[in-house]
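Peer 1: Okay, predicted coordinates and the sequence, questions at the end:
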There are 2 protein chains.
Amino acid sequence: MSAVELAILGATPAFEQPLPVGQLYFPEWSAYEQAMRGIFERQYYTNQGPLTQQLEQVLQERLGVRHAICVTNATIGLLMAADALGLRGKVITPAFSFIATSQSLTWAGLEPLFCDVDPLTHQLDPVLVEALLEDNDVSAILAVNLWGDVCAQDQLRELADRRGVPLYYDSAHAFGCAVQGRAVGNFGALEVFSFHATKVLSAAEGGCVCTNDDELAARLRNIRSSYGAGHPVHVSRTANGRMSEAQAAIALLSLNSFAQTLERNRGIFAAYRDALAGLPGLRLIEPQAVSTTNYQYVVCEIDAERFGLSRDELQAVLRAENVLARRYFYPGIHRCTPYDELYPEAAERLPVTEALCAKVLQLPIGQPVDVAGARRIGQIIRAAQEQAASVRHSLGGRA
Amino acid sequence: MSAVELAILGATPAFEQPLPVGQLYFPEWSAYEQAMRGIFERQYYTNQGPLTQQLEQVLQERLGVRHAICVTNATIGLLMAADALGLRGKVITPAFSFIATSQSLTWAGLEPLFCDVDPLTHQLDPVLVEALLEDNDVSAILAVNLWGDVCAQDQLRELADRRGVPLYYDSAHAFGCAVQGRAVGNFGALEVFSFHATKVLSAAEGGCVCTNDDELAARLRNIRSSYGAGHPVHVSRTANGRMSEAQAAIALLSLNSFAQTLERNRGIFAAYRDALAGLPGLRLIEPQAVSTTNYQYVVCEIDAERFGLSRDELQAVLRAENVLARRYFYPGIHRCTPYDELYPEAAERLPVTEALCAKVLQLPIGQPVDVAGARRIGQIIRAAQEQAASVRHSLGGRA
């Protein structure tokens, strides 16, 4: 292999434009234009309009789920979920997740009870969940289906059933995934998807709560609408959780090309897998428990000692090349506001989370990158390892 | 005047298409298309992007306020406000408002302490506020600037200052209004605007929190962003309160034609004023306390006895003509979920609110209607009164 000259050592950056982490798949302009012209003609811009209704219908059919309830964003969806489930006290949840997972609990007046994760899959560890379930204040498990994979769902369900508390999922990372052919969205009491621009199905901002429980669905619809909706179901709070027509238009169009989106992602992921194969100290996280993944993330663990550079040093190398690799999740939720002050002792109970937050690095996948780009990024990482001494020297004490 | 034949008595409806209540002013398609093409080209769809930043800048300049913080919707803005102000316990607020006013308090873990309103202006009654301030659990006043008008701001400020609690405003109805030349958005600790499609400035869904308090602004920005933002300011919770670029694009373009929007509304309002003048038992609510209004609503009070028809009967007459006149606010917040169960005794303390909820009727103003339409609606209302006996007969016991 020819030597790759690194931007951090003075070469021209590999990419002219900054390469973000995030899916950023959007519909063709012409299709979007047509959809938006329709909205303008109807003058029906929001409040559960025809496109939002259509999107819910399409999602229900595609996922084979009884209820898909579209919302402004997944954070609001998770907040509505906590209320619809009537939770109180503590909820077992990972600190190794996007902060919205725990935020939804805090806004709902609940307390996250942080549970550590599996060092290989990064998913919630059922053995530790079982121990935490002994706390009498626990009223639910909010599990996260991470990295286009899912948790140990069978074990978690069994634990939840035995203890008699609901299990529900933050599936912001798992739209389009399936477990033994059954679409994610059908598991637990309910699942919440994110349709943020960085996700594999986008509405720019947006999300969706899926459930097969009619009663729960009625409560969720009631909570979503300021003045309630549908047949009267008791809820303790309502809100504005509405998805606008413009959001629904983007998601509907993106669903049309969703198979191509996954296929494209699959190719990029495969290119990374090849390019990074056999690199000492770098482990690529591969979905284990799903029959179909969405390749929403390319997650590496960097073992500083074996790789020769720390995760932060490698990130600096990539950033110099205009590859906006991200430390995600960093810091862990337990070290963010307000949890750092509420649970200063949490870190001691979360050794795996602590270690992962220092090791994980996200590489670009999705619309902004292609197979050639992924190969090039792989070469850069390989070169960074080969030239680790020079890189470290150039960084001084910076990274 | 020639006799108007009423649809409820068998004539053809006055309007072919249903005429909604709601502003629904939107930018010209060509301008919107150009803005959206820009977003697609930049591939920057949300997360405090360039258009959102520009909108905040423009709003700050236009209102002469130090901080305009754009949000997903006004409900979220009000919720963020309650948290940013660090409130606890009870908050004095009217039950004669859109339910989101109180919902924001409930989601924030606070208790609305409903206060009755002035029968002439429909605004919060300062005399009653003063009495409620004797409750030691009160931590703030959340006043509502209603119907393109404002409350008795000076008196409320004095009361709040004397008691040492913050006064803040739900100004969802008051964007574009001014008091003695000073833009609404500059009063109280902060004000929250709505940019819902039905409002005079639209982002389809959207809103904005305005404040001249730098510290409060920093807290609000921190709360709005999942992982916080700007220099570290302590907040107890963060959330996803983001406005997307598509939302900001609509609001920015709508601001360009905002002067024409207000002028057009002024003409429609004047047409109603003329058409409804001198009708016994119908009172048109006119803004009193502002130097500039936005004519966001045309609000009538119907005194059933003097008018000859009840509010609900008149509404039925108008609906038959395809005029989607609304009973707004109806029911009062104290009679909605969850407040009806929490405060079953509230109605007794709110005689004016109770009376208004049975009397108010909203007529269409904004993009869907024009001056000729307003005149026509006025004629229909006049004819309904003239033919009250036949109308009542035709309605049987329906309305």
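Peer 2: Here it is on my side, so go on.
Peer 1: For the stretch 51-200 of chain A, which residues are neighbours of chain B?
Peer 2: Contacts of the stretch 51-200 of chain A with chain B, taken as C-beta under 8 Å from any C-beta of the partner chain, map to A:72-76, A:79, A:98-100, A:103, A:106-107, A:109, A:196-197. Every residue, glycine included, has its C-beta placed from N, CA and C.
Peer 1: Between these, which sits nearest A:Val298?
Peer 2: For those, the closest approach to A:Val298 (C-beta to C-beta) belongs to A:Phe98, at 16.5 Å.
Peer 1: hang on, the earlier thing: report the buried members of the residues of the stretch 51-200 of chain A next to chain B.
Peer 2: For those, a neighbour count by 16 or more other C-beta atoms under 10 Å in any protein chain shown gives the buried set as A:72-76, A:79, A:98-100, A:103, A:106-107, A:196-197.
Peer 1: Narrow the residues of the stretch 51-200 of chain A next to chain B to those in strands?
Peer 2: Judged by DSSP state E, those include no members of strands.
Peer 1: In chain A, which residue is most central in space?
Peer 2: Centroid-nearest residue in chain A, with C-alpha atoms, centre = their mean: A:His173, separated by 3.1 Å.
Peer 1: ok so, going back, now the buried ones among the residues of the stretch 51-200 of chain A next to chain B in a markdown table, please, with extra columns for distance to A:Ala358 and pLDDT.
Peer 2: Output for those, formatted as a markdown table (distance: C-beta to C-beta, whole Å; pLDDT from 0 to 100):
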| residue | distance to A:Ala358 | pLDDT |
| --- | --- | --- |
| A:Thr72 | 34 | 93 |
| A:Asn73 | 29 | 93 |
| A:Ala74 | 26 | 95 |
| A:Thr75 | 26 | 93 |
| A:Ile76 | 31 | 92 |
| A:Leu79 | 30 | 93 |
| A:Phe98 | 18 | 95 |
| A:Ile99 | 18 | 93 |
| A:Ala100 | 22 | 93 |
| A:Gln103 | 23 | 91 |
| A:Thr106 | 25 | 92 |
| A:Trp107 | 29 | 89 |
| A:His196 | 26 | 95 |
| A:Ala197 | 28 | 93 |
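Peer 1: for the closest residue to A:Arg219 other than its chain neighbours, what are its contacts?
Peer 2: Counting by C-beta to C-beta, 6 or more residues apart in numbering or on different chains, A:Arg219 lies nearest to A:Ala84, which is 4.3 Å off, once chain neighbours are set aside. Counting by C-beta atoms under 8 Å, 6 or more residues apart in numbering or on different chains, A:Ala84 makes contact with A:190, A:216, A:219-220, A:223, A:235.
Peer 1: I'd like these as CSV, with pLDDT appended.
Peer 2: Below are the contacts of A:Ala84 laid out as CSV (pLDDT from 0 to 100):
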residue, pLDDT
A:Leu190, 98
A:Leu216, 96
A:Arg219, 93
A:Leu220, 94
A:Ile223, 91
A:Val235, 73
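Peer 1: Make JSON lines from those and add neighbour count, secondary structure and distance to B:Ala35 to it.
Peer 2: Formatted as JSON lines, these follow (neighbours: other C-beta atoms under 10 Å in any protein chain shown; DSSP: H, G, I helix; E, B strand; the rest coil; distance: C-beta to C-beta, whole Å):
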{"residue": "A:Leu190", "neighbour count": "29", "secondary structure": "coil", "distance to B:Ala35": "36"}
{"residue": "A:Leu216", "neighbour count": "23", "secondary structure": "helix", "distance to B:Ala35": "39"}
{"residue": "A:Arg219", "neighbour count": "23", "secondary structure": "helix", "distance to B:Ala35": "38"}
{"residue": "A:Leu220", "neighbour count": "27", "secondary structure": "helix", "distance to B:Ala35": "33"}
{"residue": "A:Ile223", "neighbour count": "27", "secondary structure": "helix", "distance to B:Ala35": "33"}
{"residue": "A:Val235", "neighbour count": "21", "secondary structure": "coil", "distance to B:Ala35": "37"}
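Peer 1: and of the residues you listed, the nearest to B:Cys177?
Peer 2: For the contacts of A:Ala84, the nearest to B:Cys177 is A:Ile223 (31.7 Å; C-beta to C-beta).
Peer 1: So that closest one sits against A:His234, correct?
Peer 2: No. Counting by C-beta atoms under 8 Å, A:Ile223 stays clear of A:His234, with 10.8 Å between them.
Peer 1: What ranges in the stretch 101-250 of chain A fall below the confidence cut-off?
Peer 2: Confidence mapping of the stretch 101-250 of chain A against pLDDT under 70 gives the ranges A:229-233.
Peer 1: could you redo the last one with a cut-off of 90?
Peer 2: A:107, A:225-242 (pLDDT under 90).
Peer 1: Strands of that one, residue ranges please.
Peer 2: Using DSSP state E, counting those that start in this stretch, the strands of the stretch 101-250 of chain A run over A:111-115, A:138-144, A:167-170, A:178-179, A:182-183, A:191-194, A:207-211.
Peer 1: domains of chain A?
Peer 2: A:7-23+A:257-325+A:364-395, A:29-256 (automatic domain parsing).
Peer 1: Which stretches in the stretch 151-300 of chain A count as helices?
Peer 2: Counting by DSSP state H, counting those that start in this stretch, the stretch 151-300 of chain A has helices at residues A:153-163, A:214-224, A:245-256, A:258-276.
Peer 1: Pick the most deeply packed of those.
Peer 2: For those, average neighbour numbers computed from mean count of other C-beta atoms under 10 Å in any protein chain shown are highest in helix A:245-256, which has a mean of 24.
Peer 1: Contacts made by that one with the rest, please.
Peer 2: A:25-28, A:31-32, A:35-36, A:39, A:44-46, A:49-52, A:54-55, A:58-59, A:62, A:70, A:72, A:195, A:201-206, A:261, B:204, B:244, B:246.
Peer 1: what do you get for stretch A:114-128?
Peer 2: By C-beta under 8 Å, 6+ apart, stretch A:114-128 touches A:92-96, A:102, A:129, A:132, A:141, A:143-147, A:149-152, A:155-156, A:159, A:285, A:288-289, A:299, A:333-334, A:339, A:343, A:346, A:349-353, A:355-356, A:360.
Peer 1: just how off-centre is that stretch within its chain?
Peer 2: 16 Å (C-alpha atoms, centre = their mean, to the nearest Å).
Peer 1: Buried residues, it. List them.
Peer 2: So for stretch A:114-128, counting by 16+ other C-beta under 10 Å, buried means A:114-118, A:121-126, A:128.
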